[in-house]
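Trainee: got a structure for you, letters missing:
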């Protein structure tokens, strides 16, 4: 039998481990020499690189709809902190150094969050959707992802999904961050906002990009391994010349093998191999 990690010895051990990781990240942030994006400009830069939107309210089996409604408020508050952020050449965008700690005092409400493959609730829950939106746009750009934490399990069946499975990111204040770097020569701008139905985002720059990008998911299927089911697929990033329309590069960015945590009866039978 494998030896238990310290954080697995009980709730007290897990809470202590989280405090340790938060302190560790705080110290790293204080002593880091990395240039973090701080500038803001609400006026859109001239060149639109990519845009994306995602549905805020997803009616998921077994999930309290109130938590979904609260998520709308949490996303709106996060938008106020992120919208207009300028990432100068050489700078890094940090999700948590931009958003700050989500607290009730700031108006954040209780929402769903995912941590270590389990669904829980807490103040500020639901901000993973913002991380997902930003990451999806970054994948459609030449920007370099410098910190990413994938959700390891398939927690919910598809419901109005618009993107390849597994292309999201997990965020948890402050030690599970999402970061990307502007490795180019021109400023990049992040615009995000909400309406009643959706979270919207744009990635803009002062300079046009000669390429566009597509994500494609191949070999998607479910497999049964023992008593468990897994969701499998490969996700590729295509770099395509805007003028020629030719694919310049096909890069494997993700290979999914995610344990299904919801009722297997909800898996379409024709997708099981």
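Mentor: Good, I have the coordinates. Predicted, not measured: the structure shown is a model, and the values here were computed from it. Residues are numbered from 1 along each chain as shown.
Trainee: you'd agree residue 44 is up against residue 202?
Mentor: Yes. Using CB atoms under 8 Å, residue 44 makes contact with residue 202 at a distance of 7.2 Å. For the C-beta atoms, the positions are set from N, CA and C on the backbone; glycine is no exception.
Trainee: Between the two, which contacts overlap?
Mentor: Counting by CB atoms under 8 Å, 6 or more residues apart in numbering, the common neighbours of residue 44 and residue 202 are 189, 191.
Trainee: Now do the same contact list for residue 92.
Mentor: 34-37, 146, 179-182.
Trainee: Return the member of the residues you listed nearest to residue 11.
Mentor: The shortest approach to residue 11 among the contacts of residue 92 belongs to residue 179, at 29.4 Å (CB to CB).
Trainee: and that closest one, how many residues sit next to it?
Mentor: Burial measure for residue 179: 19 neighbouring residues, criterion other CB atoms under 10 Å.
Trainee: Which residue is the nearest non-sequential neighbour of it?
Mentor: Spatial nearest neighbour of residue 179, chain neighbours left out: residue 147 (4.0 Å); criterion: CB to CB, 6 or more residues apart in numbering.
Trainee: who's in contact with the helix or strand that contains residue 201?
Mentor: Assigned by DSSP states H and E, residue 201 belongs to strand 198-205. Strand 198-205 is contacted by residues 44-56, 75, 79, 129-130, 133-134, 137-138, 140-141, 143, 184, 186-194 when judged by CB under 8 Å, 6+ apart.
Trainee: Stretch 246-257 too?
Mentor: For stretch 246-257, the external contacting residues (CB under 8 Å, 6+ apart) are 139, 150, 164-167, 211, 215, 230-241.
Trainee: Can you pull out the low-pLDDT segments for the stretch 101-250 of the chain?
Mentor: Residue ranges of the stretch 101-250 of the chain with pLDDT under 70: 115-118, 152-153, 155, 158-162.
Trainee: need the helices for the protein, in chain order.
Mentor: Ranges of helices within the chain are 11-31, 65-82, 95-99, 128-139, based on DSSP state H.
Trainee: and residue 245, which of those is closest to it?
Mentor: Closest approach to residue 245 among these is made by helix 128-139 (19.9 Å; CB to CB).
Trainee: Centroid-nearest residue for this protein?
Mentor: residue 132 (2.6 Å; CA atoms, centre = their mean).
Trainee: Nearest residue to that one in space, ignoring adjacent ones along the chain?
Mentor: residue 168 (3.9 Å).
Trainee: just to revisit the earlier point, which neighbours does the strand holding residue 201 have in its sheet, and in what orientation?
Mentor: Counting by DSSP bridges, the strands paired with strand 198-205 are strand 47-55 (antiparallel), strand 188-194 (antiparallel).
Trainee: Let me know which of these is tucked in deepest.
Mentor: Sort the strands paired with strand 198-205 by mean neighbour count, taking mean count of other CB atoms under 10 Å, and strand 188-194 sits at the top with a mean of 22.
Trainee: That one relative to helix 128-139, how many degrees between them?
Mentor: Computed by axes from the mean of the first three to the mean of the last three CA atoms, to 10 degrees, the angle separating strand 188-194 from helix 128-139 equals 140 degrees.
Trainee: For residue 147, give me its contacts.
Mentor: So residue 147 contacts 177-179 (CB under 8 Å, 6+ apart).
Trainee: distance of it from residue 72?
Mentor: According to CB to CB, to the nearest Å, residue 147 and residue 72 sit 27 Å apart.
Trainee: same thing with residue 103?
Mentor: In terms of CB to CB, residue 103 sits 18 Å off from residue 72.
Trainee: likewise residue 148?
Mentor: Going from residue 148 to residue 72 by CB to CB gives 25 Å.
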